[in-house]
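Enquirer: Quick one: sequence and predicted model below, then my questions.
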Amino acid sequence: MKLVLIFGPQAVGKMTVGQELEKLTELKLFHNHMTLELLPPLFGFSSETWRLSTLFRFEIFKAAANSKLEGLIFTYVWAFNEEDDWKFVEDLCQIFESKGGSVYFVELEAEMKERLERNKTSNRLEHKPSKRNIEWSENELKASMDQYRLNSFPGEIIKENYIKINNTTLSAKEVTETIKERFKL
């Protein structure tokens, strides 16, 4: 069992890279909005939405770790200045590692100008209805940069299976090929 954790700021290309990686491997994509989009129609973006989304995610992670799946690709916006996010990642890894699985860390970073362009792509808007209000989405993307640190410092992640890719000028296919080759997926 493999878990590929693709993380980075909003609109950096996590889901799109995950989609390409799913095409080239036996791994299944579980992007973070698959649970998030279920709940705002009921609860808005409230604490209840985040609580339930986390609950659903962990149940899905446990089911996947106990299944015959080759593995899972999960996308995540990891706030490095938030202890709860570090705990989330630790707990996530434990689920797969406790079953003998391997976890691969893929960090993406891109320049803000490029992320603002990616924020409006048809693929993103198709799969993430909550991002269709572009003005709100752009404001939320910019505001999060003031509140959270969404990329790691050099040497902060000390995992053997880790790669950081600046994909400002790379296509999702190029990034995916790098990931596939680096981790022999």
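Expert: Sure thing, it's come through.
Enquirer: Tell me the spacing between E117 and A110.
Expert: 10 Å (Cβ to Cβ, to the nearest Å). Placement of C-beta: from N, CA and C, glycine included.
Enquirer: more crowded one of these two?
Expert: Using other Cβ atoms under 10 Å, the more surrounded residue of E117 and A110 is A110, with 21 against 12.
Enquirer: ok, now which ones touch the residue lying closest to that one once chain neighbours are set aside?
Expert: Of all residues not flanking A110 in the chain, T168 sits nearest, at 4.3 Å (Cβ to Cβ, 6 or more residues apart in numbering). T168 is in contact with 109-111, 114, counting by Cβ atoms under 8 Å, 6 or more residues apart in numbering.
Enquirer: Also L108?
Expert: Contacts of L108 (Cβ under 8 Å, 6+ apart): 6-8, 12-14, 17, 164-167, 175.
Enquirer: Out of the residues you listed, list just those in helices.
Expert: 14, 17, 175 (DSSP state H).
Enquirer: of those residues, closest to S144?
Expert: Nearest to S144 out of the ones in helices among the contacts of L108 is K14 (Cβ to Cβ; 14.2 Å).
Enquirer: Counting neighbours, what do you get for the closest one?
Expert: With neighbours defined by other Cβ under 10 Å, the count for K14 comes to 27.
Enquirer: Next: L92.
Expert: L92: 19 neighbours (other Cβ under 10 Å).
Enquirer: and what of Q19?
Expert: Using other Cβ under 10 Å, Q19 has 18 neighbouring residues.
Enquirer: V4 in helix, strand or coil?
Expert: Here V4 is recorded as strand under DSSP: H, G, I helix; E, B strand; the rest coil.
Enquirer: give me the beta-bridge partners of it?
Expert: I73, Y104 (DSSP bridges).
Enquirer: what residue is smack in the middle of this structure?
Expert: T75 (1.7 Å; Cα atoms, centre = their mean).
Enquirer: Surely it is in a helix?
Expert: No: T75 sits outside any helix when classified using three-state DSSP, being strand.
Enquirer: Enumerate every residue touching the closest residue to it other than its chain neighbours.
Expert: Using Cβ to Cβ, 6+ apart and skipping the chain neighbours, the partner closest in space to T75 is K14 (3.9 Å). Contact analysis of K14 by Cβ under 8 Å, 6+ apart lists 6-8, 31-32, 75-77, 108.
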